[in-house]
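Chemist: Here is my input; please provide its structure:
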Amino acid sequence: MYRLLHSKVAKIFGILILIWLLFSLVLGGIVLAYAQQDHAQEADVIIVLGSGLRRDNHPGPALTRRSQHAAELYAQGLASAIICTGGYTAGRTRSEAEGCREVLIESGVPAGAILLEDQSRSTEENAIYARVIMQGNGFSEAILVSDGYHLLRAQWIFSQVDIPVFTSPAHSPPTMSLLISTAREIAALHWQAIKSLLNLPFTHVPVM
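Modeler: Here you go, the predicted model:
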């Protein structure tokens, strides 16, 4: 009897794992499909989502891609200001927002058009603190710039704090980096769903 029950439980568990794997594959496909869509249009401000700095405190590849793309959108006249987001990470003496500002200025964006949000430690905190800056400057709509794989979740998070955004993906990272980042993003979407359903108060998880 015990063996039969154990076998049934194992079978049910195996089916559930298979369903979850299939769901995750579909979700990954949705993330990658959304990553290819550019919804940029005229807005009050461009928001660049932060990413890590190198050990020498200069912008890393992802932050450089995102900032350069934001500079291109600014040059097209789609917004009159840019908010660089991202706080200080361990071992760095400058914020991700400052790294973004560096790339923007090198790309021809005037310093007076750049606003810094340098407190955040996560995408959710990017949204929370960017909203404060937007309200203080009378901005209502934003173009949201990040790597494409990040934008589906980012759009969801920004909508939760009532910021209307038009997502615009930066140039794609190398294929292997994209696959790893997409897998991480699938895990982050699971966490965001659980957090939203349970109304958990956390705004920052170190690996997110």
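Chemist: from here on, contacts and neighbour counts on C-alpha atoms
Modeler: OK.
Chemist: which residues of this structure fall in helices?
Modeler: For the chain, helices defined by DSSP state H occupy the ranges 2-35, 61-75, 96-106, 123-137, 148-160, 175-198.
Chemist: Go through the ones you listed and find the least confident stretch.
Modeler: Lowest mean pLDDT within those: helix 2-35, a mean of 85.
Chemist: Now do the buried residues in it.
Modeler: Buried positions in helix 2-35, judged by neighbour count with 16 or more other C-alpha atoms under 10 Å: 24, 27-28, 31-32, 34-35.
Chemist: mind giving me TSV with these and columns for distance to residue 122?
Modeler: Below are the buried residues of helix 2-35 laid out as TSV (distance: C-alpha to C-alpha, whole Å):
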residue	distance to residue 122
24	22
27	21
28	21
31	19
32	21
34	21
35	19
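Chemist: ok, now how distant is residue 37 from residue 104?
Modeler: Separation of residue 37 from residue 104 (C-alpha to C-alpha, to the nearest Å) stands at 23 Å.
Chemist: Give me the number of neighbouring residues for the closest residue in space to residue 113 that isn't next to it in sequence.
Modeler: Excluding its sequence neighbours, the residue lying closest to residue 113 (C-alpha to C-alpha, 6 or more residues apart in numbering) is residue 81, at 4.7 Å. Residue 81 has 22 neighbouring residues, counting by other C-alpha atoms under 10 Å.
Chemist: now do residue 138
Modeler: 9.
Chemist: quick one: which of residue 37 and residue 104 has more around it?
Modeler: Legend: neighbour count by other C-alpha under 10 Å for residue 37 and residue 104, higher for residue 104 (26 against 13).
Chemist: That one and residue 68 touch, don't they?
Modeler: Yes - applying C-alpha atoms under 8 Å, one finds residue 104 in contact with residue 68, separated by 6.5 Å.
Chemist: circling back: can you redo the helices of the chain as a markdown table with distance to residue 86?
Modeler: Shown next, in a markdown table, are these (distance: least, C-alpha to C-alpha, whole Å):
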| stretch | distance to residue 86 |
| --- | --- |
| helix 2-35 | 21 |
| helix 61-75 | 10 |
| helix 96-106 | 5 |
| helix 123-137 | 7 |
| helix 148-160 | 14 |
| helix 175-198 | 18 |
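Chemist: wait, which of those is closest to residue 53?
Modeler: Nearest to residue 53, of all the helices of the chain, is helix 96-106, at 6.4 Å by C-alpha to C-alpha.
Chemist: in stretch 90-106, what counts as buried?
Modeler: Using 16+ other C-alpha under 10 Å as the test for burial, stretch 90-106 gives 92, 95-105.
Chemist: Nearest to residue 17 among these?
Modeler: Among the buried residues of stretch 90-106, residue 96 lies closest to residue 17 (C-alpha to C-alpha), at 37.9 Å.
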